[in-house]
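>>> What follows is a predicted structure for the sequence shown.
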Amino acid sequence: MKRFFFAILLLAALPLFAVDARAAAIEGSLSCNESAHDFISGLIAQNLIDPKPMRVESNSINAFWPAHGQRMTAYGFSVFAVVGFQKDDPLFKTGDGTPIAPSAYGAVVVGTQAKVQAALTAVGNNAIVHHAGPLLTAIFCQQD
């Protein structure tokens, strides 16, 4: 019975790991050469993310879901959510704590920290790679 349950769970989670050929690749924007405003507003303009954040952390990081029916990839990994914040920008809500930086943005992808770090290292990207949860890793650009 446990094997059957595990197989069903694995099949249900499979879409999270599959990279769709029609998915929008956003790694060009994760080179840390633009502002959080430009990154997030570009994804909104392309209808890739919902314009309202699903969550605002105390450090003011705003988390955005992919728009309904949209799929994104970054360095070959499926994007789970997109994050960002820019000080004094009406596009972002402010949390109740100290903002993480004047401008910060990134993507949370489905993949281990080691694999994501290896993919970024292979292309020479020095973005911050941070463990975000079981099989979730954040690729993060921060500008002071």
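Right, received. Where do you want to start? Residues are numbered from 1 along each chain as shown.
>>> pLDDT averaged over stretch 25-39 - what is it?
Mean per-residue pLDDT for stretch 25-39: 94.
>>> ok, residues contacting that stretch?
When contacts are taken as Cβ atoms under 8 Å, 6 or more residues apart in numbering, the neighbours of stretch 25-39 outside the stretch itself are 42-43, 48, 72-75, 79, 82, 84-86, 89, 91-92, 103-107, 123, 125-127, 139, 141, 143. For every residue, glycine as well, the C-beta is placed using N, CA and C.
>>> let's see 7 Å
Applying Cβ atoms under 7 Å, 6 or more residues apart in numbering, the external contacts of stretch 25-39 come out as 42, 72-75, 79, 84-86, 89, 91, 103-107, 125, 127, 139, 141.
>>> try stretch 122-141
30-32, 74, 80, 104-113, 116-117, 120, 142.
>>> in it, what's buried?
N125, A127, V129, A132, L135, L136, T137, A138, I139, F140, C141 (16 or more other Cβ atoms under 10 Å).
>>> Columns distance to R22 on top of these, output as CSV?
As requested, those are arranged in CSV below (distance: Cβ to Cβ, whole Å):
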residue, distance to R22
N125, 24
A127, 25
V129, 26
A132, 25
L135, 23
L136, 22
T137, 23
A138, 24
I139, 21
F140, 26
C141, 26
